[in-house]
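What shape does this take:
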Amino acid sequence: MKLEDKILNKTARIGVIGLGYVGLPEAVALAQQGFFVYGIDIDPKKVNSINSGRNYIKDIPDKDLSEVVKNKKLKATSDEKVIKTLDIITICVPTPFNENKEPDLSYIVNVANSINKNFKKDSLIILESTTYTGTTREILMSLFEKSGYKTGRDYYLAFSP
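Now for the predicted structure:
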């Protein structure tokens, strides 16, 4: 089935990588729309909190989080291997400034490497981390293409400012 059809009939499996103040609200909103969402984060406290229905982001009503977890529409994990099962991946990792006041892209690069190790053909990858214009093209596309994946044939990239 085409990705577009999976999106329209809400069978697309979505992963949100980075469950902070951007990623967790996005994961909850997508789950509320009826999609199954894997929230992926390296912090076991966040993973355990979400899977227990306990909220740590004040922008999300506690009831909203607990409801999507209870309805089995949102599950958190630290296991990057779930990427193999995803149709859409949204990257919402931090990009703190380094000593030169430039975004530290190491989190984005680490996520790209995890995606490369667990890639599923015909995936949509969306970068939502705050970074400079060109990061998707210059960093992500470069990393994916070095691994042998072809833009528009194996994966699709999108950038959200």
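
Low-confidence regions, the protein specifically.
The model of the chain has pLDDT under 70 over residues 132, 150-161.

Please state the offset of the longest helix along it from the chain centre?
Determined from DSSP state H, the single longest helix within the chain is helix 106-117. From the chain centre to the centre of helix 106-117 is a distance of 11 Å (CA atoms, centre = their mean, to the nearest Å).

Quick check: buried residues in that helix?
Y107, I108, V111, A112, S114, I115 (16 or more other CB atoms under 10 Å). All C-beta spots, glycine's among them, are computed from the backbone N, C-alpha and C.

Same check on stretch 19-39?
19, 22-28, 30-31, 35-39.

what are the ranges of the strands in this structure?
With DSSP state E as the criterion, the chain has strands at 13-17, 36-40, 74-77, 88-91, 123-127, 155-159.

S123 touches I91, doesn't it?
No. Judged on CB atoms under 8 Å, S123 makes no contact with I91 at a distance of 11.9 Å.

Name whatever forms a beta bridge with R13.
In this entry, R13 is beta-bridged to F36, by DSSP bridges.
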